[in-house]
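K.L.:
3D, please:
(one chain, ligands or ions: 1)
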Amino acid sequence: MRSISVLGCGYLGVTHAACMAELGHQVVAVDTDDAKVAALTAGEVPFYEPGLQELVDRHLRTGRLHFTTSYSEAAAQADIHFICVGTPQGADGAADLGYVDSVVDALAPWLDRECLVVGKSTVPVGTAARIAHRLVDRAPGKGAVLTAWNPEFLREGHGIADTLQPDRIVLGVQSPQAEKLLRDLYAPLADAGVPILVTDFATAELAKAAANSFLATKISFINALAEVCEATTADVVELAEVLALDRRIGGEFLKPGIGFGGGCLPKDLRALQARTRELGVGDSLAFLSEVDAVNLRRREKAAHMIRQQCGGTLEGKRIAALGISFKPNSDDIRDSPALHVARRLSVEGAYVSVYDPKAMKNAQRCHPELHYEPDVKSACLGADVVTVLTEWQEFQEIDPWALGSVVAQRQVVDGRNTLKRTDWERAGWVYGALGRRIRS
Ligand code: UDX
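P.N.:
Now for the predicted structure:
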């Protein structure tokens, strides 16, 4: 058992804190937001992540997890400190490191004994070395304060499994002591067979940026092929199936549709490009700007298909948008392709009614111009077009015969290639989807 602190009680921080408590460690999680700390202390997780609420409840009860606003308390209690704050997109696409720096500056004055500060946030290559110097400069413990970089790879909606059964753990370290501390901490995962890769700071930092950029590239690759399919008689879903069965390619992240969004892939892709430009090697990853461009075009294409189903204009049409989160099993609407499409339709004069199983509160706060309904049926009442924008399981289970009786016109645009096309066509729907063969 080790005593650790987690700095930042966002999605990453709370998930990491609860999972470390689950591994048997004593965890104090810190945030400067009093209201958030009070809510978490009362057992209220302020965002939706499957299983997290239960895990937090359990470890508030075991006493292995608690929340505070006090950095001095964290420094007194823990000897490993995890930086888990956001690195949002800043100017020119570069990552904004303001939160990372303020956490380091708030913690450093209290670090008067041997300890390890571990970055988990996604940062531009070179940040860990800078943070290590900053800590040695500002902490009373000076050289006794070690730094390491241990990037997280967790996906929203799978955060707990991705933390407790990750594909790999990456440790960017400069000293054997730092490596030993982290190996001890993660020993239960290593014992269960999780590979631990030990490397330097720069490689660890790049590992995260590279993984997310590769995933984004894979999605845009299939979406670019969807554009080619649309210019031919080919079908992108059948094409993706063929590619997926090649074990060298694999089927993950090869799902065509309105593309990627969220708090990570789009921003990490841009931050990596910005960093390569700073390093004078901008040409090396120049193709990533095309990955971004393909991704944004797919949203526009979905809006175009819906407009076409409406006879060329959206003015006064009723559109039911099913899904508003950037992906299923999440209430996150950051850079959500679904939200982008819904807003575009609304801007062009459509009455857009939205249903999403988890993300409506978040969407409603920022986008009151959309109309929010409590279920699929109410959202689809009188609709000229129904569009599926996030592939929630619930939408795959819709009975197209039953839904056909509440809409004004049986027209559907499947923005995620998630519906069983033949079932919908048999029930009399005109089915449209990105990159699919048009049936006469
Ligand atoms: C991502 C990385 O997967 C994770 O390792 C990293 O730590 C954080 O960023 P996340 O943002 O939670 O995770 O979502 P992810 O599951 O990767 O999906 C990203 C986006 O791509 C979603 O909008 C999703 O709908 C879209 N997507 C995914 C596709 O359009 N097609 C696919 O085949 C897969």
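
K.L.:
what is the neighbour count of the closest residue to residue 108 other than its chain neighbours?
P.N.:
Of all residues not flanking residue 108 in the chain, residue 138 sits nearest, at 3.8 Å (CB to CB, 6 or more residues apart in numbering). The C-beta positions use only the backbone N, C-alpha and C, and glycine is treated the same way. For residue 138, the neighbour count with other CB atoms under 10 Å is 15.

K.L.:
report the buried residues of stretch 293-305.
P.N.:
By neighbour count with 16 or more other CB atoms under 10 Å, stretch 293-305 contains the buried residues 294-295, 297-299, 301-303, 305.

K.L.:
all strands for this structure, in order.
P.N.:
Ranges of strands in the chain, per DSSP state E, are 3-7, 26-30, 65-68, 80-83, 115-119, 145-149, 169-173, 196-199, 318-322, 351-355, 371-372, 385-388, 411-414, 430-433.

K.L.:
check contacts around residue 360.
P.N.:
Residues in contact with residue 360 (CB atoms under 8 Å, 6 or more residues apart in numbering) are 324, 354, 372.

K.L.:
which residues does the first one contact?
P.N.:
Contacts of residue 324 were listed using CB under 8 Å, 6+ apart, and they are 333, 336, 338-339, 342, 354, 356, 359-360, 363, 370, 389-390.

K.L.:
could you do residue 16 as well?
P.N.:
So residue 16 contacts 6, 82, 84, 120, 152, 163 (CB under 8 Å, 6+ apart).

K.L.:
what's the answer for residue 207, then?
P.N.:
Residue 207 makes contact with 151, 170, 199 under the criterion CB under 8 Å, 6+ apart.

K.L.:
in this structure, where is pLDDT below threshold?
P.N.:
Scanning the chain for pLDDT under 70 picks out 440.

K.L.:
residues from it in reach of the ligand?
P.N.:
152-156, 212, 215, 219, 253-255, 257, 259-262, 264-265, 326-327 (CB under 6 Å from any ligand atom).

K.L.:
tell me, how many residues neighbour the residue lying closest to residue 334 once chain neighbours are set aside?
P.N.:
Nearest non-adjacent residue to residue 334, counting by CB to CB, 6+ apart: residue 263, 4.4 Å away. Other residues within reach of residue 263, judged by other CB under 10 Å, total 22.

K.L.:
need the longest helix for this protein.
P.N.:
The residue-count maximum for a helix in the chain (DSSP state H) belongs to helix 201-230.

K.L.:
in that helix, what's buried?
P.N.:
Within helix 201-230, the residues that count as buried by 16+ other CB under 10 Å are 201, 204-209, 211-213, 215-227, 229-230.

K.L.:
next up, the contacts around the residue nearest to residue 108.
P.N.:
Taking CB under 8 Å, 6+ apart as the criterion, residue 138 is in contact with 104-105, 108-109.

K.L.:
between the residues you listed, identify the one with the most neighbours.
P.N.:
Neighbour max across these (other CB under 10 Å) = residue 104, 25 neighbours.

K.L.:
I'd assumed residue 135 was in contact with that residue.
P.N.:
Yes. Counting by CB atoms under 8 Å, residue 135 is a contact partner of residue 104 at 6.4 Å.

K.L.:
quickly list what's touching both of those two.
P.N.:
residue 117.

K.L.:
of the contacts of residue 16, closest to residue 433?
P.N.:
Nearest to residue 433 among those, counting by CB to CB, is residue 152 at 33.4 Å.

K.L.:
once you drop chain neighbours, what's closest to the closest one?
P.N.:
Per CB to CB, 6+ apart, closest to residue 152 is residue 120, 4.8 Å.

K.L.:
from what I can see the one you found touches residue 150, true?
P.N.:
Yes. The criterion here is CB under 8 Å, and residue 120 meets it with residue 150 at 5.8 Å.

K.L.:
give me the common contacts of the two.
P.N.:
Residues touching both residue 120 and residue 150 by CB under 8 Å, 6+ apart: residue 82.

K.L.:
check contacts around the residue nearest to residue 152.
P.N.:
Each residue near residue 120 by CB under 8 Å, 6+ apart is listed here: 12, 16, 82-84, 150-152.

K.L.:
nearest to the ligand among these?
P.N.:
residue 152 (5.7 Å; CB to the nearest ligand atom).

K.L.:
wait, what's in contact with that closest one?
P.N.:
The contact partners of residue 152, by CB under 8 Å, 6+ apart, come to 12, 16, 84, 120, 122, 163, 208.

K.L.:
and the furthest pair within the residues you listed?
P.N.:
122 and 163 (15.3 Å).
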